[in-house]
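Student: dropping a prediction and its sequence here:
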Amino acid sequence: MISMKRATLAAALSTLFLAAPALANQTYVCTHGDKQRVISVVYATEGQTVPCEVTYDKGMGAESLWQAQNLAGYCEEQAAAFVEKQRGWGWTCTQQ
């Protein structure tokens, strides 16, 4: 009886996880004249919003600006706010 319950639970959980869309890293490309900046939200684990980090690349390698270990939505909010700041400085940003 217990193994039947475990099998049913395992099947239900695998269906739930397989049905959940995998989260892809979010990338914004900002341009100003001939300059380009890339702001990315990078997820450490596929399908989970944390842990994550926001990276910023000015063409000389990406640097980490913010990280979150267990606060869902933090990286996305920080990246969106930084994109808006870039736009305020005259950059044109598009999500890729």
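Tutor: That came through fine.
Student: just checking: what are the partner strands of the longest strand out of those in the chain?
Tutor: As assigned by DSSP state E, the longest strand anywhere in the chain is strand 35-43. In the sheet, strand 35-43 lines up against strand 26-32 (antiparallel), strand 52-57 (antiparallel) (DSSP bridges).
Student: which element follows the shortest one toward the C-terminus?
Tutor: Helices and strands here follow DSSP states H and E; after strand 52-57, the next one along the chain is strand 62-68.
Student: next, the buried residues of that next one.
Tutor: Residues 62, 66-68 are the ones in strand 62-68 that count as buried (16 or more other C-beta atoms under 10 Å). Quick note: C-beta positions are derived from backbone N, CA and C, even for glycine.
Student: cool, stretch 39-46 as well?
Tutor: Those would be 39-43, for stretch 39-46 by 16+ other C-beta under 10 Å.
Student: tell me the contacts of the closest residue to residue 52 other than its chain neighbours?
Tutor: Closest residue to residue 52 apart from its sequence neighbours, by C-beta to C-beta, 6 or more residues apart in numbering: residue 75 at 3.9 Å. Residue 75 makes contact with 41, 49-50, 52-54, 66-68, according to C-beta atoms under 8 Å, 6 or more residues apart in numbering.
Student: remind me which helix or strand residue 75 belongs to.
Tutor: helix 74-88.
Student: check which element follows that helix along the chain.
Tutor: Heading C-terminal from helix 74-88 (DSSP H and E), you reach strand 92-95.
Student: what's next to that next one, contact-wise?
Tutor: 26-32, 39, 83, 86-87.
Student: and if you look at stretch 45-55?
Tutor: 17, 20-23, 38-44, 62-76, 78-79, 82.
Student: for the residue nearest the centre of the chain, give its distance to residue 33.
Tutor: Centroid-nearest residue in the chain, with C-alpha atoms, centre = their mean: residue 41, separated by 3.6 Å. Distance from residue 41 to residue 33, counting by C-beta to C-beta, to the nearest Å: 25 Å.
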